[in-house]
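Colleague: got a predicted model here, sequence first, then my questions.
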Amino acid sequence: MTEPPENQEPPDSLIPYDEIVQDSLRGVVRRVLSDVAASGGLPGGHHFFIAFRTRYPGVDMPKHLLERYPDEMTVVIQHRYWDLAVEDDHFEVGLTFNQVPAKLYIPYKAISGFVDPAVNFALQFVVTMPEVETAEPEAPVVEGEPGSNVVSFDFKRKK
């Protein structure tokens, strides 16, 4: 393997190694949650702190929690959780917040941290928010039935 000469920066990679590693490490979270869901509970003293970006596309949580945690939230999966469902791109879990039950839907790409303090294990992730297209729409086309309370808007994009 050839090393770059001293004082010379290596070239930018055309292979997204950082992204590949982040996805692989998120697979660790998916596997651990999947094992817990399959076994019906956490083994021994294990428990998890999972931090995630609350405004990441696909995150679904009650409005009152989103208002309280507008950017990031950490949940604890330990004693009182239910309906843990693990899918390829997200997990769902029921938790209680101030004695109010809530169901959360969290894409793995929204996760910024995973900690199991029982064994001093932690992972940190870079969460890259997808870019949202902000093209200005033309004037809306308004459609609706006469006398109806339903109106649909069709925003046509400029070309």
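Modeller: All right, it came through fine.
Colleague: now the end-to-end length of stretch 45-63.
Modeller: End-to-end span of stretch 45-63 (C-alpha to C-alpha, to the nearest Å): 32 Å.
Colleague: go on, stretch 68-87?
Modeller: 27 Å.
Colleague: again with stretch 74-89
Modeller: One end of stretch 74-89 to the other measures 19 Å (C-alpha to C-alpha).
Colleague: next: stretch 83-100.
Modeller: Terminal residues of stretch 83-100 are spaced 15 Å apart (C-alpha to C-alpha).
Colleague: need the strands for the protein, in chain order.
Modeller: For the chain, strands defined by DSSP state E occupy the ranges 48-53, 72-77, 81-86, 90-97, 100-107, 111-116, 121-124, 141-143, 152-154.
Colleague: which parts of the third one are buried?
Modeller: Looking back up the chat, that one is strand 81-86. By neighbour count with 16 or more other C-beta atoms under 10 Å, strand 81-86 contains the buried residues 81, 84, 86. All C-beta atoms are positioned from the backbone trio N, CA, C, and that covers glycine.
Colleague: what residues does it touch?
Modeller: Contact with strand 81-86 is made by 30, 33, 34, 36, 37, 77, 91, 92, 93, 94, 95, 103, as judged by C-beta atoms under 8 Å, 6 or more residues apart in numbering.
Colleague: swap in the fourth one?
Modeller: Identification of contacts with strand 90-97 by C-beta under 8 Å, 6+ apart yields 30, 33, 58, 65, 75-77, 80-85, 101-108.
Colleague: is it possible to mark the buried ones in those residues?
Modeller: Neighbour-count burial within the contacts of strand 90-97 applies to 30, 33, 65, 75, 77, 81, 84, 104, 106, 107, 108; the criterion is 16+ other C-beta under 10 Å.
Colleague: do you know how far the most centrally placed residue in the chain is from residue 118?
Modeller: For the chain, the residue nearest the mean C-alpha position is residue 110 (2.2 Å; C-alpha atoms, centre = their mean). As defined by C-beta to C-beta, to the nearest Å, residue 110 lies at a distance of 24 Å from residue 118.
Colleague: cool, residue 109 as well?
Modeller: For residue 109 relative to residue 118 (C-beta to C-beta), the value is 26 Å.
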